[in-house]
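Peer 1: sequence and predicted structure, then a few things I'm wondering about:
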There are 2 protein chains.
Amino acid sequence: MISKSQISFIKSLHQKKFRKEHRLFIVEGFKSIQEFISSKYEIDSIYHLTDVMPKLGKLSQNIKLHEISPDELSKISTLNAPQQLLATIKLPEPQEISFESIQGKFALALDGIQDPGNLGTIIRTADWFGIEYIFCSEDTVEAFNPKVVQASMGSLARVQVIYTDLKSLFSKIKSPVYGALLEGESIYKTNFGKEGILLLGNEGKGISANLMSEIDIPVTIPRFGNAESLNVAISTSIFCSEIRRNC
Amino acid sequence: MISKSQISFIKSLHQKKFRKEHRLFIVEGFKSIQEFISSKYEIDSIYHLTDVMPKLGKLSQNIKLHEISPDELSKISTLNAPQQLLATIKLPEPQEISFESIQGKFALALDGIQDPGNLGTIIRTADWFGIEYIFCSEDTVEAFNPKVVQASMGSLARVQVIYTDLKSLFSKIKSPVYGALLEGESIYKTNFGKEGILLLGNEGKGISANLMSEIDIPVTIPRFGNAESLNVAISTSIFCSEIRRNC
């Protein structure tokens, strides 16, 4: 049982403005919540139906637990078909970028990705391929948007998503910037080394004009048929696979 | 201007039952409609705002044109942000599978894909990689579902999507069946030849037990990080890229 004001409070977290104000975001579903519990994130509250809690194992005493009804769950959920539990989790503090920690690795840079499903899928894919850092331009959709969290399938608990000015980032980083473009070196012929940043552009507009000059190596996925373009999460995954194939 | 009954009729096509009954489906947006106009599909009607038509070029006289208001468009559209025009297009007649036409080629087989966005993205990706045929189990989401059409970005006009019993299909086809599994030969070591069928399973349950015995070569995308799985459209795209890399 939760109060009306608690319901309104949780519903307010569906919106970016209130997530920022209250420094909390929402994660739903057993598996995703479990991934956040075993990560460095700090869980604030878990709202759950009867009998769900034992499955989560031993929890920190700081986590507030609330047993709620299916009706209450559907009121606070962001999903059409709510899963048995919902957690509110503390937003991480914005971090200084540690250039040392990304040295010798591959990272992604996303320029203005708008679709939350795309960003979530990119986070999940990066996690599969062991890519730890995703740098996003300030106008990229927010990683704590419930649709991003959902599509990331728990991988957001592990991959670091950092919002920053990409132009200034590129000027400070020495590793090569690979730009995903419709024209460039074929991925089948590119020798991706051990480190670099792969830059991907907005769904409709591609990479911004002001970042084009930062690209060291333009790379492309050869086209064999007639589609005009690939979805950006699809392109990212093909690039990630190519980057890892010689590991 | 269109009548109330026309509005109800078009809205009925948002549902599979009525698409099947009236043998029509909906396509929205300038680019997608253009792709269908220049394909073998037969356009029934185009509902458009003022001034949109000249851009479509010369059209067959059989296409019924209706100028409508933005308010009418938003009533018949399946989108939150309707684009300037909507077409109703004739459903193709179910075809006999021509085994000759798929010989010497790569095709996809989808076992129970449920998410329309995934199917649409797979169709678009197949089109990019020049894959002409997608065989779907009968319980796969319908290709003419508006969300599938939307995500396919016009590629549905070119790629053939055929619903059939996959077990019986595999028994008739001689080319090898590659099964996308979590355990199998690494895609980086597999020599995909010139022909074959790549089988992908349902988002949650994977490939059905009764199809497992049909797999000739189990193949897998190596995991370098911690995500438990990849989205099925993402896996498909990585496999397609590997299939084409030695072309």
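Peer 2: That came in fine, so what should we check first?
Peer 1: give me the packing partners of the least confident helix or strand in chain A by mean pLDDT, helices and strands only.
Peer 2: Least confident helix or strand, chain A: helix A:99-102 with a mean of 82, by mean pLDDT, DSSP states H and E. Packing contacts for helix A:99-102, counted by 3 or more Cβ pairs under 8 Å, 6 or more residues apart in numbering or on different chains; DSSP states H and E, involve no helix or strand. All C-beta atoms are positioned from the backbone trio N, CA, C, and that covers glycine.
Peer 1: which SSE is immediately downstream of it?
Peer 2: Scanning forward in sequence from helix A:99-102 by DSSP states H and E, the next helix or strand is strand A:106-111.
Peer 1: that following strand pairs with which strands?
Peer 2: strand A:133-136 (parallel), strand A:196-201 (parallel) (DSSP bridges).
Peer 1: mind putting these in CSV, mean neighbour count and mean pLDDT included?
Peer 2: Formatted as CSV, the strands paired with strand A:106-111 follow (neighbours: other Cβ atoms under 10 Å in any protein chain shown; pLDDT from 0 to 100):
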stretch, mean neighbour count, mean pLDDT
strand A:133-136, 22, 97
strand A:196-201, 24, 98
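Peer 1: nearest to A:Thr190, of those?
Peer 2: Checking the strands paired with strand A:106-111 against A:Thr190 by Cβ to Cβ gives strand A:196-201 as the closest, at 10.3 Å.
Peer 1: so what touches the next helix or strand after that closest one?
Peer 2: Downstream of strand A:196-201, the first helix or strand assigned by DSSP H and E is helix A:209-212. Residues outside helix A:209-212 that contact it (Cβ atoms under 8 Å, 6 or more residues apart in numbering or on different chains) are A:111, A:166-167, A:170, A:179, A:199.
Peer 1: strands of chain A, start to end?
Peer 2: A:24-28, A:43-48, A:64-67, A:85-90, A:106-111, A:133-136, A:160-163, A:177-186, A:196-201, A:217-220 (DSSP state E).
Peer 1: same question for the longest one: list its buried residues.
Peer 2: Same thing as strand A:177-186. By neighbour count on 16 or more other Cβ atoms under 10 Å in any protein chain shown, the buried set for strand A:177-186 is A:177-181, A:184.
Peer 1: what about that strand, near chain B?
Peer 2: No. Residues of strand A:177-186 contacting chain B under Cβ under 8 Å from any Cβ of the partner chain: none, with a closest distance of 9.2 Å.
Peer 1: quick one: mean pLDDT over that strand.
Peer 2: On average, the pLDDT along strand A:177-186 is 96.
Peer 1: what's the answer for the fifth one, then?
Peer 2: Looking at strand A:106-111 alone, the average pLDDT works out to 98.
Peer 1: now it, how far from the centre of its chain.
Peer 2: Put simply, strand A:106-111 sits 11 Å off its chain's centre (Cα atoms, centre = their mean, to the nearest Å).
Peer 1: just the second one next, same as before
Peer 2: The chain centroid and the centroid of strand A:43-48 are separated by 21 Å under Cα atoms, centre = their mean.
Peer 1: dump it to CSV, keeping only the CA atoms.
Peer 2: The C-alpha trace of strand A:43-48 is given here as CSV (Å, rounded to 0.1, in the frame of the first residue of the first chain):
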residue,chain,number,x,y,z
ILE,A,43,18.9,1.6,-4.8
ASP,A,44,16.5,4.0,-3.0
SER,A,45,13.2,2.0,-2.9
ILE,A,46,11.7,-1.2,-4.3
TYR,A,47,7.9,-1.3,-4.9
HIS,A,48,6.8,-5.0,-5.3
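Peer 1: touching that strand from outside, list them.
Peer 2: Contacts of strand A:43-48 (Cβ under 8 Å, 6+ apart): A:2, A:10, A:24, A:33, A:36-37, A:53, A:56, A:59-60, A:62-68, A:72-73, A:76, A:84-90.
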